[in-house]
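Participant: no sequence for this one, just the structure:
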Ligand SMILES: Nc1ncnc2c1ncn2[C@@H]1O[C@H](COP(=O)(O)OP(=O)(O)OP(=O)(O)O)[C@@H](O)[C@H]1O
């Protein structure tokens, strides 16, 4: 029997007034690293807001491990960890206090919180930072704390919305490598929104989003082959009909 998808998005739409920000988008994700690639305004953040239940879709449904967000939002969200585009730590609280607060919100007990946060902080080489206020951490380490927090509940699906924006190249590479490792070693399913082509090139699958529509979902190499393009960037331009002079300026290693 085929494995049930971790995430199933079924013809989901969302309008802001007359603007259709997400237009009848459907896809399924299994385990592995999936890059959601699209320029500014493609609808990536709006799609994340739908996946996380912040907005209800105008139409369609979203299932996490078969659980519909329309029928049972809390149970569906319990399968998910999220790192939003905007940093969301209390900078005056310590790293540990930020993790404790989140874990308590999710109903975790004291011993479980201690064990899980110790393990996640150690994996991310943040053990020594546990008692420091988040304000004292570098941007890269703050993002790692957000990742540790998202992983506390052992989610099956991890959503990361432009998580490397503002990070220096070394911090960006380290965060990306760590999330790839989680996919390989723990069978996690990751949806990683980005407008950076080099991040998409490393993904198991790329989902190409443009003007609210999902244009393709395939391995990076297959997208290149299917469009007979010389690179993934050219494959994107081929699929979207955009020109390289357009608004999408994805640069590698900036
Ligand atoms: N709250 C809102 N009210 C009205 N329009 C919105 C709102 N949020 C987003 N939009 C519009 O919806 C479209 C999709 O925006 P969205 O932020 O989802 O795209 P994105 O791919 O995440 O872009 P970015 O990379 O810039 O974050 C854009 O045209 C945007 O201006």
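Facilitator: Yep, that arrived. For clarity, every value in this text was computed on a predicted model and none was experimentally measured. Numbers count the residues shown, from 1 in each chain.

Participant: pLDDT value on residue 9, please?
Facilitator: pLDDT, residue 9: 98.

Participant: ugh, typo on my part, it should be residue 198
Facilitator: So, for residue 198, pLDDT stands at 91.

Participant: the most centrally placed residue in the chain: which element?
Facilitator: By C-alpha atoms, centre = their mean, the chain has its centre lying nearest to residue 160, at 2.2 Å. Element membership of residue 160 [criterion: DSSP states H and E] is strand 157-161.

Participant: after that strand comes which helix or strand?
Facilitator: As assigned by DSSP H and E, the chain's next helix or strand after strand 157-161 is helix 169-186.

Participant: what angle sits between that following helix and strand 157-161?
Facilitator: 160 degrees (axes from the mean of the first three to the mean of the last three C-alpha atoms, to 10 degrees).

Participant: which helices and strands does helix 169-186 pack with?
Facilitator: strand 32-37, helix 139-151, strand 157-161, strand 189-194 (3 or more C-beta pairs under 8 Å, 6 or more residues apart in numbering; DSSP states H and E). Heads up, the C-betas are built off the backbone N, CA and C, glycines and all.

Participant: got a list of contacts for the last one?
Facilitator: Contacts of strand 189-194 with the rest of the structure, by C-beta atoms under 8 Å, 6 or more residues apart in numbering, involve 6-7, 29-38, 44-45, 47-48, 51, 85, 156-164, 179, 182-183, 199-200, 203, 207.

Participant: of the residues you listed, keep whichever come out buried.
Facilitator: When those are checked for burial by 16 or more other C-beta atoms under 10 Å, the buried set is 6-7, 29, 31-38, 44-45, 47-48, 51, 156-164, 179, 182-183, 199-200, 203, 207.

Participant: filter those down to the ones near the ligand?
Facilitator: 38, 44, 45 (C-beta under 6 Å from any ligand atom).

Participant: residue contacts, residue 15?
Facilitator: Counting by C-beta under 8 Å, 6+ apart, residue 15 makes contact with 21, 58.

Participant: coming back round to it: could the helices and strands packed on helix 169-186 be laid out in a markdown table, adding distance to residue 114?
Facilitator: A markdown table is the format used below for the helices and strands packed on helix 169-186 (distance: least, C-beta to C-beta, whole Å):
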| stretch | distance to residue 114 |
| --- | --- |
| strand 32-37 | 30 |
| helix 139-151 | 13 |
| strand 157-161 | 22 |
| strand 189-194 | 26 |
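
Participant: any chance of CSV for the ones you listed, columns mean pLDDT?
Facilitator: Output for these, formatted as CSV (pLDDT from 0 to 100):
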stretch, mean pLDDT
strand 32-37, 97
helix 139-151, 94
strand 157-161, 96
strand 189-194, 96
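
Participant: wait, which of the ones you listed is closest to residue 78?
Facilitator: Taking C-beta to C-beta, strand 157-161 is the member of these nearest to residue 78, at 10.7 Å.

Participant: gap between the closest one and the chain center?
Facilitator: 3 Å (C-alpha atoms, centre = their mean, to the nearest Å).

Participant: which residues are contacting it?
Facilitator: Residues from elsewhere that reach strand 157-161 (C-beta under 8 Å, 6+ apart): 6-7, 29, 44-45, 48, 51-52, 64, 79-85, 147, 150-151, 179, 182, 188-193.
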